[in-house]
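>>> Dropping a prediction and its sequence here:
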Amino acid sequence: MAFSHIIAHRIQRSQPNESAQLQLRPEAFSPSGKLDELGYELKVNFIRKGGKFYGRFSDETVEFPFSSWLKECREDRLGFESFTHKAMKQFAYAIEKTEITFDAYVFFLLEKIEAGDSLYVFVVEHTHSLYLDADLAISDSCFLNSAKFTLATKINVQDWEAGDSVTYLAILRERGEKEISDAFTEFVGFSDKHDVKSDTVEFLKIVDNFTEALDENTAKMTRSKVVDYCLEQNKAGKSVVIKDLSNTLSEELKTYEPDHFSRYVESTQDHIKTEFIPDTSQVRSYARISGRNDSLSMSFDAECLGNNIHYDAASDSLIIKNLPPALKARLLKHLQGN
């Protein structure tokens, strides 16, 4: 079982000037298949959601004690349940400094896998609905929506404890709801937001420069492998490690030595990161060129530009050769119809 501990609590605040009310579960859930399924759904949805920020814990542990309590928990000086209880009280304190009303369930999940431990915290929304029971009587029930959470965090515990990473903490904040997002950020003690978009853009420029010296086929395959690797790492919730990517390119393309790409990256600039979180929107746009207006929508592989597709800057037009047969047939049918 990947999740060794799962516990849930409830936090409510019905009026802006009232204290937040906590309903704390005394013990973690007993292991079950349904619980593992819920944990897996939450984790996968977190990985798939865009707009996450990456950073680390604040050094101000007195003001932001979440990391101190987690450390005590890891050192067996504080039980998992007690850690989450303290954390929930801190969350309530952060909410009470705002004017918001709130009602949600907060899940804490400790995942233990071969790659290392991770702690997830999800603020999960719920809805009330009516249903017919076995006697056809109308009853009311509360449903959790594992896909509709807007506040969550993942701490890569192994990287945090090793002390060799500054992006071990990923946080998802609710767009358009600054107060609750700020309260959640304060509760976790998130600090030093990293610009993953800029990191990815800088990396992809290096890939372009690296492939310029390669023959056309090898360059195309290299760029494709880089895109696949970045997307696979993101899907798995992992960062891109330049050395590992270099080894992957060597193994799959059989073209250059295992450290050839990593040595090139290191030689480009002194400040280049050897590990970074890929921004999937930038990676996908690197692989595909797309755009639209009110009457036109277009998307094609970036490798087509200069081959089957040519851009004429003077006339601001695209010339497309070797049209897909289905598209060609539709065009001819439309023209003949006119």
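Looks like it came in fine.

>>> use CA for all of it now, contacts and neighbours both
Noted.

>>> So which elements touch the lengthiest helix in the chain?
The longest helix of the chain (DSSP state H) is helix 216-235. Here helix 216-235 touches helix 33-48, helix 196-212, strand 240-241, helix 242-253, helix 280-287, going by 3 or more Cα pairs under 8 Å, 6 or more residues apart in numbering; DSSP states H and E.

>>> Report the mean per-residue pLDDT for it.
Across helix 216-235, pLDDT averages out at 88.

>>> Name the residues that touch it?
47-48, 207-208, 211-212, 239-240, 245, 249, 253, 277-278, 280, 283-284, 286-287, 303 (Cα atoms under 8 Å, 6 or more residues apart in numbering).

>>> for stretch 267-287, same thing?
50, 54, 196-197, 199-201, 204, 206, 224, 227, 230-231, 234, 238-243, 265-266, 301-303.

>>> what's the span of that stretch from first residue to last?
25 Å (Cα to Cα, to the nearest Å).

>>> For it, give the mean pLDDT please.
For stretch 267-287, mean pLDDT is 78.

>>> same deal with stretch 119-138?
pLDDT averaged over stretch 119-138 gives 85.

>>> Pull out the buried residues from that stretch.
119, 120, 121, 122, 123, 124, 125, 126 (16 or more other Cα atoms under 10 Å).

>>> Among those residues, which one sits closest to residue 36?
Residue 36 has its nearest neighbour among the buried residues of stretch 119-138 in residue 120, at 13.5 Å by Cα to Cα.

>>> ok, what's across the strand from the closest one?
residue 109, residue 154 (DSSP bridges).

>>> how much space is there between it and residue 66?
On the measure of Cα to Cα, residue 120 and residue 66 end up 13 Å apart.

>>> What of residue 215?
From residue 215 over to residue 66 the distance is 52 Å, taken as Cα to Cα.

>>> got the domain boundaries for the protein?
3-194, 195-328 (automatic domain parsing).

>>> And the longest one, how far out from the chain middle?
The reference is to domain 3-194. Relative to the centre of its chain, domain 3-194 is centred 15 Å away, using Cα atoms, centre = their mean, to the nearest Å.

>>> That domain: end-to-end distance?
28 Å.

>>> Then the shortest one?
The first residue of domain 195-328 is 43 Å away from its last residue (Cα to Cα).

>>> returning to that earlier point: okay, the helices and strands packed on helix 216-235 in a markdown table with distance to residue 78 and mean neighbour count next?
Putting the helices and strands packed on helix 216-235 into a markdown table (distance: least, Cα to Cα, whole Å; neighbours: other Cα atoms under 10 Å) gives the following:
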| stretch | distance to residue 78 | mean neighbour count |
| --- | --- | --- |
| helix 33-48 | 23 | 16 |
| helix 196-212 | 34 | 16 |
| strand 240-241 | 34 | 19 |
| helix 242-253 | 36 | 17 |
| helix 280-287 | 38 | 17 |
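
>>> any chance of those in TSV, with distance to residue 83 too?
Converted to TSV, the helices and strands packed on helix 216-235 look like this (distance: least, Cα to Cα, whole Å):
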stretch	distance to residue 83
helix 33-48	19
helix 196-212	31
strand 240-241	31
helix 242-253	35
helix 280-287	34
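
>>> Which of these comes out lowest on mean pLDDT?
helix 280-287 (a mean of 84).

>>> which element follows it toward the C-terminus?
Later in the chain than helix 280-287, the nearest helix or strand by DSSP states H and E is strand 288-292.

>>> for that following strand, packing partners?
Counting by 3+ Cα pairs under 8 Å, 6+ apart, strand 288-292 packs on strand 297-301.

>>> Now the following helix or strand past the strand it packs on: buried residues?
Scanning forward in sequence from strand 297-301 by DSSP H and E, the next helix or strand is strand 309-312. Buried residues in strand 309-312, counted by 16+ other Cα under 10 Å: residue 309.

>>> what does strand 309-312 rub up against?
Counting by Cα under 8 Å, 6+ apart, residues outside strand 309-312 touching it are 305, 317, 318, 319, 320, 321.

>>> By neighbours, which of the residues you listed wins?
residue 305 (16 neighbours; other Cα atoms under 10 Å).

>>> if you count what's nearby, which of residue 215 and residue 66 comes out ahead?
Using other Cα under 10 Å as the criterion, residue 215 and residue 66 rank with residue 66 on top: 24 against 9.

>>> Nice, that's everything, thank you.
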